[in-house]
Every structure is written in C-alpha cells, then in structure tokens.
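Colleague: here are the coordinates; sequence isn't available:
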C-alpha cells in the first residue's frame, strides 16, 4: 500500500532521513518507533505531502506522492503532532470544513461529520468552540478530522500524547479497530502502545531503520536475555555453585538487598525453563524458597538496546 | 470551486467573529467621518465666500467651488487611509495559519494552493468592500445637503476605483503574511511595501522623461485620481488588475515553496 524507497531528507546540510526504506501492507497497523529527533514526524510529513523529499520515492496505493499529490492526499487521513484546529470555529463547523476540503460530497458532509463525532466521542462538544476544549478533546477532534473523509490510510503522529489514561485506552481501542479496513501508520515513543495496537514495528534512529519486525518476533528474538529472579534464605555459596551447574545457565548475579534474604538474578538460555531445577536445588540444600519469577526484557529495554548500539 | 467557497466562507466567518475586524472598521469609519467633516466644513466656508464674491462681482457662470470637490477630497482620504488599514486586515491570512499549525491541514488536504489563495483573497475583498460601503453614509449626507447638485457619477466611479484599488493592495498584504508567522511583522512589511508604492509618485518628479512617466504609472495614487474625477479608465483598471494578479501569483509561489524551504 505504501512503499518508501531510499527516502532521504536534508534540512540544509543536516541529514534527517538517510535512505529510509520500508513498506506498509494494506490493512496493516504499523508502529513507527524511535527516539525524539529520529525522523518519525519528518517521514510522516513527507508521505502526507507537507514536506518535500530530497531523494528517493514514496508511492501510496501505486501513486507517486510527487506526481499525483492531490490523489494521494485524498486517500490519507493525517493527524499531525499538534492537532490542526481552528480555534475560532466550533467543532461542528471545523469538521464540516475539513470534510469539504478533503473532498467529501456536499450531501454526505453532514452525515460523515455526525458519524465521526460519534466515533470519537465528541457528541457533547458538538457546538463548542475548539478553543474551549481540553487537550484530550482537541486530540479527539484531530482524529475526527483525519477520519471524516473515510480515508483508506491513516497516518497518526503520536495520537495518545497528553491524554488521560481512560482516553488513552479508548483511542487505542479505536486505532486497533481500524486495522483490516484501514492501513495505519502510528508513531509513538510509548512502547506499551505499540505492543497493544500494532502488528508490526519499525524502529528508526538518526534517520535510518534499525529494526523491523512483528511486535511478537521482536520481543522473542531479544528474549535471549530473559532473567530469572530467585529470592531465598540459605547457604548462598552452595546454592550459587549448584545453580551455575544447571544446564543452560550463563550468568548468575547476586542482587541481594541487605539482610538474611538473598537474591540472585540468573541469566539463562531462553529455550529451557530452569525454574523447576532451581526450586529443587534450593529445597535440596535446605534453603527457604521465597520467590521465583521470570522478568522478560521489556520493549523499553529492547528499544534502548537497539538505539544505543 | 467547492474548495474555494469552503475556504472563502470559513475566512469570512472568521473575520466576522474576530474583535479586530470590528475595531478596525469602527476606527476607519470614525476617521473617515472626521476627515469628511473637515472637508465639508471647508467647502461650506469656501462656497460662502464664493457666494459673497458673486454678490460683489456678479456671476461669471463658473463655480470653482462645488460639492463634487467634497467627494473628491473625501475619497482621497479614504484611499490613503485604506493603505494603512489593509495591512491590518491581511496580516493574519497566512501568518495565523502557520502559527496555529492549520497550515499543515491545508497543505495535506486535497486542496490546491491556488484554491486556498483565491478563497482568502475574495473573503478579504468582501470585508474590505463591506468597510468601504459603510462610508456611503457620508455620501448620502452629502447628497441630501447639496440638494441635488451632487453628481453621482464621480461617486460611483470613486467606489469602483476604490474596489479595484483594494483588489490590488490586498494581495500585497497577503504576500507579506505568507512568509512569516508573526502577524505584526506581516503588517509592518505590507505597510512598508504599500507606502513605498504610494510614494513612488514623488520620486517620479526627479527623473527625466520617459522614466518619470513610467515610475508615476506604477504608483498607486496616480490611477485613483482619474477614478475620483469620475472617469473609469480601462488602462487604470488594467493597472490594478495586473498588480492584483502579480502579487497573488507571488503569494502563491511563496506559500507553495514552503514545502521546499523547511
């Protein structure tokens, strides 16, 4: 659906995007991850036609964004970082204006606006001025404007930033529901969000793609550092040497807080579950097993690992 | 076309719901009224003197002082005042959009730069016309006071001239607004450009023929004169429409180039 090939963007002499390449399949929800300044917003601005690219090609639904700019824009619903609201308009008038300039047929305008108002939970604020809305509701109006012309592609730049927890959940569910009929590109640096809403993730840093995979795979592949925490009381040196002998264990770190309770962090091969072995060992040495749990590397740590390297 | 109308009605609604528009209109009409009063009183004094002259020396049949000079003078003031007022009307057209981020909405929607440009231009021209029409109150006063002696043709011609004049200077204001986010900067730049064009006529006198005529032709007030005297000249209309087209094109190019400049 969207093909980005060798996308390069220079701001003067500074390079913002360096031969970026990726594709988005139809009906996919793609997460666009990266630290601030990585180039996520720039990429989105280029795809939607706000900025020009320096080199490379971008095709949307088979159309080049340069040659068929107007056609491409008809197919995309875009929510920028800051929702582009006219503060001196009411929500109703604003959405009607947005519908009209995005090509919605005259007679369909009212019904489309009513539909998106309901979808985004803005019914209470239908007649309110945009300036009187809180950040969360402004964000919702922004999402509404991105949906009003029934675009097949949605490009959302940090859609849940600044929302309260309840709104965040609602918006995430909304975005998830778009997958299938819509193609969605979602940029964020809230990793749990990617986990929850996206099927595939692209991590970019310094204008380059550093990782690209499905969310599940990404976590699996980097699970080679799953860590087991064991808390116990007993003969720590004997138990330690015993644990080191268990098949698959690569590292044992002592992370005990002060006191009689000992804590080890065990790094092991992800293929084997060593919990039963550890438990049996401690009991055999007459220790008191207090806690035994796996801590999987969170997406946050994966992110930091990848972007730091 | 639908897009132009959509932008046009949005901008119009925006003007009519802004405080600044009403304040500017009120100030404009008030100042025009004040100048009108001065011109009218001077006319009254002079026509009294003319009458006295006639009693003393007989009627030569030629009236130097007549009511039409009031409308002429008043329109000269109106046109100069508009030079100062139009920057205030046009300053927000693009600067506000850029500042509030709505420019991104316009540039990523399937609407062309030209459509946005024309929508904004016509909305500004509409409220400009509205403001100018308000001054017709003074013309009505003049018509009543002159007891039928006022020629309507010069008045109508003056209004046409002012309208064309507006069509020419609004795009200059739009141009200034298009390369800054700051409305004050936009207003100051357009004021400078407009004053520059207005004052060209003075620099013309220092040049030799044919340059003096050429420079004089480019200046704004040169053409207003003939409209104010009642003559709707084609060459003057062409001047204003050409200016209008030129600055509109320049504005369009500046806005579009923003995609490449960032």
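Modeller: Perfect, thanks for sending it. All figures in this text were calculated on a predicted structure; none of them were measured in a lab.

Colleague: near chain A, which residues of the stretch 1-150 of chain B?
Modeller: B:2-3, B:6-7, B:10, B:13-14, B:17-18, B:100-112 (CB under 8 Å from any CB of the partner chain). Where you see a C-beta, it was placed from the backbone N, CA and C, and this is true even at glycine.

Colleague: give me the buried subset of these.
Modeller: Buried by 16 or more other CB atoms under 10 Å in any protein chain shown: B:3, B:6-7, B:10, B:13-14, B:100, B:102-112, out of the residues of the stretch 1-150 of chain B next to chain A.

Colleague: so which of those belong to strands?
Modeller: Judged by DSSP state E, strands contain none of these.

Colleague: inside helices: which ones of the residues you listed?
Modeller: Among those, the members falling in helices (DSSP state H) are B:3, B:6-7, B:10, B:13-14, B:100, B:102-107.

Colleague: show me how far the host helix or strand of residue B:114 is from its chain's centre.
Modeller: Assigned by DSSP states H and E, residue B:114 belongs to helix B:113-134. Computed by CA atoms, centre = their mean, to the nearest Å, the chain-centroid distance of helix B:113-134 equals 12 Å.

Colleague: what does whatever helix or strand comes next after it contact?
Modeller: Later in the chain than helix B:113-134, the nearest helix or strand by DSSP H and E is helix B:136-145. Residues from elsewhere that reach helix B:136-145, judged by CB atoms under 8 Å, 6 or more residues apart in numbering or on different chains: B:29, B:32-33, B:36, B:40, B:67, B:70-71, B:74, B:150, B:152, B:155, B:159.

Colleague: which residue does the stretch 101-250 of chain B bring closest to chain A?
Modeller: residue B:105 (3.8 Å; CB to the nearest CB).

Colleague: who's in contact with residue B:169?
Modeller: B:82, B:83, B:86, B:194, B:220, B:243.

Colleague: so where is chain A shaky, pLDDT-wise?
Modeller: A:218-226, A:258, A:270, A:296-302, A:309 (pLDDT under 70).

Colleague: hmm, back to that, what about the contacts of helix B:136-145, which are in helices?
Modeller: Those of the contacts of helix B:136-145 lying in helices (DSSP H): B:29, B:32, B:33, B:36, B:40, B:70, B:71, B:74, B:152, B:155, B:159.

Colleague: contacts only, for the second one.
Modeller: This means residue B:32. B:74, B:77, B:78, B:81, B:135, B:138 are the contacts of residue B:32 under CB under 8 Å, 6+ apart.

Colleague: equivalent analysis for the first one, please.
Modeller: Contacts for residue B:29 were tallied using CB under 8 Å, 6+ apart; they are B:131, B:134, B:135, B:137.

Colleague: against chain A, how distant is it?
Modeller: 24 Å (CB to the nearest CB, to the nearest Å).

Colleague: next: the second one.
Modeller: Applying CB to the nearest CB, the value for residue B:32 to chain A is 28 Å.

Colleague: what do you get for the fourth one?
Modeller: According to CB to the nearest CB, residue B:36 stands 33 Å off from chain A.

Colleague: roughly how far apart are that residue and residue A:233?
Modeller: 99 Å (CB to CB, to the nearest Å).

Colleague: next, count neighbours for the residue in the stretch 201-309 of chain A that chain B sits nearest to.
Modeller: Closest approach between the stretch 201-309 of chain A and chain B, counting by CB to the nearest CB: residue A:207, at 15.6 Å. Counted with other CB atoms under 10 Å in any protein chain shown, the neighbours of residue A:207 add up to 22.

Colleague: need the contact list for it.
Modeller: By CB under 8 Å, 6+ apart, the neighbours of residue A:207 are A:9, A:15, A:16, A:17, A:18, A:20, A:38, A:39, A:42.

Colleague: who's in contact with residue A:271?
Modeller: Residue A:271 touches residue A:248, counting by CB under 8 Å, 6+ apart.
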